[in-house]
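A.B. asks: got a sequence here, can you model it:
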Amino acid sequence: MASVSRRGDLTDKQWARLRRWVPAPKTRGRRISRSRRTLFNGVAWRVRVGSPWRDVPEAYGPWPTVYWLFRTWQRDGIWALMVKMILALLDKTGALTWTVSVDSTSVRAHQAAAGARHRPVPGEPADHALGRSRGGWTTKIHLAADASQTVMALKLTAGQRGDSPHFQPVLDQIAVPRLGPGRPRKRPRRVLADKAYSSKANRRYLRKRSIQAVIPEKKDHRRNRIAKGRHGGRPPAFDAEAYKERNTVERAIGRLKRFRAVATRYDKLAVRYQATIHIAIILDWKPNS
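C.D. replies: Model prediction:
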């Protein structure tokens, strides 16, 4: 196959790795006039640019067909599967350190993200992960990223939601398949997070799973502990040197937000926006061989 020349399209190396997880074309149903790689590149173009679907260049195929591929693969879990298998490949080659940082970022919702129909959609939260915060209508992305700046799990909530309550749900979503026998790996070696996650419940959760916590203690927590004297207990262990790696999650967020459809939410449904983030993760992956 000839090399793809358009800037930002999938490279031959990326497509050679991804195509194994692409579903076979159906013999019945919708007929498509472009190859799946071309349509995939049309979806990638929209994620990079953040334009309306109607503005996808005709070179990638009719825009309804490009959107059909995006929606169908979201419903069938293909985008999520690709992310899982990329993580499996990275883990096999030793690219994952299993030192994980947890953080969140708020994303402003475009006016196009409003007005979703109130009908049941599998996996869709009732509020569509949209809420009013100081920045207006926003969505918050809670994520866990490896020290290699690889996003390992994410969760969407309305923008006004707090960070700490979603610490455990995000970590529970980490499940990297093994390319061979064995169960998916779910437990990091250590977890780094800022003071917003410094709660007894979060520390107890990590301790129960034998995961090292690298979370600084809040000032008010320290004052309360000291005020109780010996009944306040020991200060939580904190590795200041290891904590320096926490900025890797902020770098991972920055890499995601290079894609305009991630930096601003245009999707009406949270499940579609999550698929958009998955595609950004896929496009950011550079296979070594």
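
A.B. asks: was I right about Trp101 contacting Lys244?
C.D. replies: Rather than Trp, residue 101 is Ser. No: with contacts counted by Cβ atoms under 8 Å, Ser101 stays clear of Lys244, the gap being 11.0 Å. To be clear about C-beta, it is placed using only N, CA and C from the backbone, and glycine gets the same treatment.

A.B. asks: which of these two has more neighbours?
C.D. replies: Between Ser101 and Lys244, counted using other Cβ atoms under 10 Å, the more crowded position is Ser101 (27 against 11).

A.B. asks: tell me the pLDDT at that one?
C.D. replies: On the pLDDT scale, Ser101 is placed at 97.

A.B. asks: the host helix or strand of it packs against which elements?
C.D. replies: Following DSSP states H and E, one finds Ser101 within strand 99-109. With contacts defined as 3 or more Cβ pairs under 8 Å, 6 or more residues apart in numbering; DSSP states H and E, the packing partners of strand 99-109 are strand 136-146, helix 167-172, strand 190-192, helix 247-256, strand 264-265.

A.B. asks: tell me the buried residues in the helix or strand just after the third one?
C.D. replies: Along the chain past strand 190-192, the next helix or strand (assigned with DSSP H and E) turns out to be helix 200-208. Going by neighbour count (16 or more other Cβ atoms under 10 Å), the buried part of helix 200-208 is Asn202, Arg203, Tyr205, Leu206.

A.B. asks: can you redo those as TSV with pLDDT and distance to Arg189?
C.D. replies: Below are the buried residues of helix 200-208 laid out as TSV (pLDDT from 0 to 100; distance: Cβ to Cβ, whole Å):
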residue	pLDDT	distance to Arg189
Asn202	96	17
Arg203	93	16
Tyr205	96	15
Leu206	97	11
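
A.B. asks: between these, which is nearest Pro57?
C.D. replies: Set against Pro57, the nearest of these by Cβ to Cβ is Asn202 (46.3 Å).

A.B. asks: the strand holding Ser101 to strand 136-146, inter-axis angle?
C.D. replies: Strand 99-109 and strand 136-146 are oriented at 160 degrees to each other (axes from the mean of the first three to the mean of the last three Cα atoms, to 10 degrees).

A.B. asks: quick one: strand 99-109 to helix 200-208, angle?
C.D. replies: 140 degrees.

A.B. asks: strand 99-109: how far from the chain's middle?
C.D. replies: Remark: strand 99-109 is offset 9 Å from the chain centroid, using Cα atoms, centre = their mean, to the nearest Å.

A.B. asks: mind listing what's buried along that strand?
C.D. replies: If you call a residue buried by 16+ other Cβ under 10 Å, then strand 99-109 has these buried ones: Thr99, Val100, Ser101, Val102, Asp103, Ser104, Thr105, Ser106, Val107, Ala109.

A.B. asks: could you point out the helix or strand that follows that strand?
C.D. replies: Note on strand 99-109: by DSSP H and E, the next helix or strand toward the C-terminus is strand 131-133.

A.B. asks: check which helices and strands that next one sits against.
C.D. replies: For strand 131-133, the elements it packs on are strand 136-146, judged by 3+ Cβ pairs under 8 Å, 6+ apart.

A.B. asks: just name the shakiest helix or strand of the chain by mean pLDDT.
C.D. replies: Ranked by mean pLDDT, DSSP states H and E, the helix or strand of the chain with the weakest confidence is helix 219-227, at a mean of 71.

A.B. asks: the domain parsing of the protein - what is it?
C.D. replies: Here the domain assignment for the chain is 12-21+32-75, 98-266, based on automatic domain parsing.

A.B. asks: how about those domains in a markdown table, adding distance to Ile282?
C.D. replies: Shown next, in a markdown table, are these (distance: least, Cβ to Cβ, whole Å):
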| stretch | distance to Ile282 |
| --- | --- |
| domain 12-21+32-75 | 7 |
| domain 98-266 | 11 |
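
A.B. asks: neighbours of Pro184, just the number please.
C.D. replies: 13.

A.B. asks: how about Ala145?
C.D. replies: What Ala145 shows, counting by other Cβ under 10 Å, is a neighbour count of 26.

A.B. asks: how about it: what's its closest non-neighbour residue?
C.D. replies: Distance criterion Cβ to Cβ, 6 or more residues apart in numbering; nearest residue to Ala145, sequence neighbours excluded, is Ala252 at 3.8 Å.
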